[in-house]
Structures are given as C-alpha cells and as structure tokens.
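Q: fold the following, please.
(one chain, ligands or ions: 2)
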Amino acid sequence: MNNHDRTLLNLQGVSKQFGDSDRCTPVVKGASCEVRRGEMVVVLGPSGSGKTTLLQMAAGLIAPTEGRIKLLGRDITQHTNGDLQRLRARRIGFIFQTCRLLDPLNAIDNVALAAEFAGSNRTEAKVKARQILNQLGVEHLARAYPPSLSQGERQRVAVARALVNAPDLLFADEPTASLESSQGLRLIELLSEYVHAHEAGLIVATHDLRIIAYADRVLRIEDGVLAPVDEPMRLQATGTKQIV
Ligand code: ADP
Ligand code: MG
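A: Ligands and ions are numbered 1, 2, ... in the order given. Below you'll find the predicted structure:
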C-alpha cells in the first residue's frame, strides 16, 4: 500500500463562512490537513475557534465555502449531505460534542440503528450492537433509555454507536468534555487502541491536553486558522491555559 492509498482524509485550503454577507468573516480560513491510516490527529483550539465547523466539513456534514475535501478517496467538496449518507453510514464514525442519542430508543437500539443504516439486518445489527457494548464495558446499559443515563454513560453509548460498523475514519468532537477525568482518559486510550488495532484514522478536536500523549500529529486552530504544533509534548508539559 503506498502513501496515497493510506490517506483517509485530505483537506486543501478549506474555508467556511456562514451567511453570505460581505461583512461575514470566515470561521475557518484556508485549512489544510491530512489523516492517514493508523493515525490519531488532534486539533486543539479555544472555544469558538472553528473546531466543530472544521470536523463537520471534513465529515461531509456541512459544505465548505472554498477549498477541496477528499474523504476516503472521494472528492466530497461538491457533494450534498444526502449523497454522502451511505459512505458515512458504512465507513465513518462521528462522536458529537453532545451525544445526540435518540431518547425514545434504548441504548442497544441506538447502536443497532447505526448498524442497520450501514446495511445489517435487524438481527445482525442487534448482535453487533451487543458486541460493541460488551467491548466498551456497558452491556448492562443495553436496555436503558438515554434520559436515565449519566453523561459519561451516554457518551460511552455514543462511542459504541460510532464504532459499531468498524469505521475506517473516526471523528470525535471534544469527546472527553462531558466526562470526569479518569473516564476521559479511559476513552482516549480506547480510541487510540481502536485506531491502532483497525489501522483506522481518527481526528479529534479537544481542549484536553492529555490527548497529546496519544497523538501522532497535533494541530492548533485559532480564529479559524489551522497550523501544525511543532513540539506538542512541550505544550503538554507546560500545561498552559492559553493554548486551548
Ligand atoms: P469551536 O467548536 O472551536 O468552539 P465552532 O466551529 O463551533 O467553534 O464555531 C466557530 C465560530 O463559528 C463561532 O464564532 C460560532 O459562533 C460560529 N458558527 C458556528 N456555526 C455557525 C452557524 N451555523 N451559523 C453561524 N455561525 C456559526
Ligand atoms: Mg465545538
């Protein structure tokens, strides 16, 4: 497999501007980055810097105003949300900043639904959902409904949903923000293990500097400008608040 085949995501000069007024300044400005197989890429940045917008464009959830996005070998720049649904359902996992579970469905059905969207029949989907809940140590929550779960429990069900189809590429938007410290660390370890075991890619937006220790590459976004961080471990060592 050559280098090109290992590229899961490639952004070139991607910008996003909300609204069409001339006075609107872009929230993401000419961002370029790449995620390859087996890589965890971390995007640090303060609140409002454009992390969520960047991840949502990269996953094809919202369209860029400028630039090119190649996702799993396909140029998705011009594609609409609907066109991308199949690709996303089968090969991409997205862990949202807020879990976005469906309250009327219990945990196992939330997870199984993602497997059904990717093509499994109902029985297979349930089996897969139970397996992944088991692997994440939350099989006891299978029949619980999201409103009765703690933040941390909901997040783990959301992670199970993101992983149920063994995606090639995972997006995680501040996945540890709603978790207590030790749970957050366990989640980072789990995502890192997944990436390495499956030769998958992960792009994670976060404030959590502990993630740096697991990252293959660290980028920082500020006021919509994305740039590589040259010595990320130094960043972590100083633990300075102005970084994120
Ligand atoms: P972060 O995830 O780093 O906190 P976001 O990508 O959510 O940053 O937001 C970046 C900026 O874009 C913020 O100023 C936010 O208010 C603005 N923004 C985000 N989404 C929209 C939208 N749908 N319409 C208008 N402005 C938006
Ligand atoms: Mg955000």
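Q: make it CA atoms for all contacts and neighbour counts henceforth
A: OK.
Q: run through the helices of this protein in chain order.
A: Secondary structure of the chain, counting by DSSP state H: helices at 51-58, 81-91, 107-117, 122-135, 151-163, 181-198, 232-238.
Q: worst mean pLDDT among the ones you listed?
A: Among the helices of the chain, helix 232-238 carries the lowest mean pLDDT, a mean of 72.
Q: run a quick neighbour tally on Arg217.
A: By other CA atoms under 10 Å, 19 other residues sit near Arg217.
Q: show me which residues of this protein sit near ligand 1.
A: Those residues of the chain that sit near ligand 1, judged by CA under 6 Å from any ligand atom, are Phe18, Val27, Pro46, Ser47, Gly48, Ser49, Gly50, Lys51, Thr52, Thr53.
Q: would you point out the most distant pair within these?
A: Phe18 and Pro46 (19.2 Å; CA to CA).
Q: out of those two, which sits in the more crowded spot?
A: More neighbours surround Pro46 than the other of Phe18 and Pro46, with 17 against 12 (other CA under 10 Å).
Q: per-residue pLDDT, the most centrally placed residue in the chain?
A: By CA atoms, centre = their mean, the chain has its centre lying nearest to Phe171, at 1.4 Å. Note for Phe171: predicted pLDDT of 97.
Q: same deal with the one 5 residues further on?
A: At Thr176, the model reports a pLDDT of 90.
Q: pretty sure it contacts Leu187?
A: Yes. Between Thr176 and Leu187 there is a contact at 7.3 Å, judged by CA atoms under 8 Å.
Q: just give me the neighbour total for the residue lying closest to Glu139 once chain neighbours are set aside.
A: Distance criterion CA to CA, 6 or more residues apart in numbering; nearest residue to Glu139, sequence neighbours excluded, is Leu133 at 4.9 Å. Counted with other CA under 10 Å, the neighbours of Leu133 add up to 24.
Q: was I right about Leu133 contacting Val157?
A: Yes. Look at Leu133 against Val157 with CA under 8 Å: they come within range, at 7.2 Å.
Q: hey, what's in contact with both of those two?
A: Both Leu133 and Val157 lack any common contact, where contact means CA atoms under 8 Å, 6 or more residues apart in numbering.
Q: tell me the spacing between the spatially closest residue to Ala213 that is not a sequence neighbour and Val218.
A: Nearest non-adjacent residue to Ala213, counting by CA to CA, 6+ apart: Met233, 7.0 Å away. Separation of Met233 from Val218 (CA to CA, to the nearest Å) stands at 10 Å.
Q: compare these two (neighbour count), which wins?
A: Just comparing Met233 and Val218: by other CA under 10 Å the higher neighbour count belongs to Val218, 23 against 16.
Q: for that one, name its beta-bridge partners.
A: With DSSP bridges applied, Val218 shows beta-bridge pairing to Val42.
Q: and it, how close does it get to ligand 1?
A: Distance check for Val218 against ligand 1: by CA to the nearest ligand atom, to the nearest Å, it reads 15 Å.
Q: so that residue sits against Ile212, correct?
A: Yes. Val218 lies in contact with Ile212 (CA under 8 Å); the separation is 7.0 Å.
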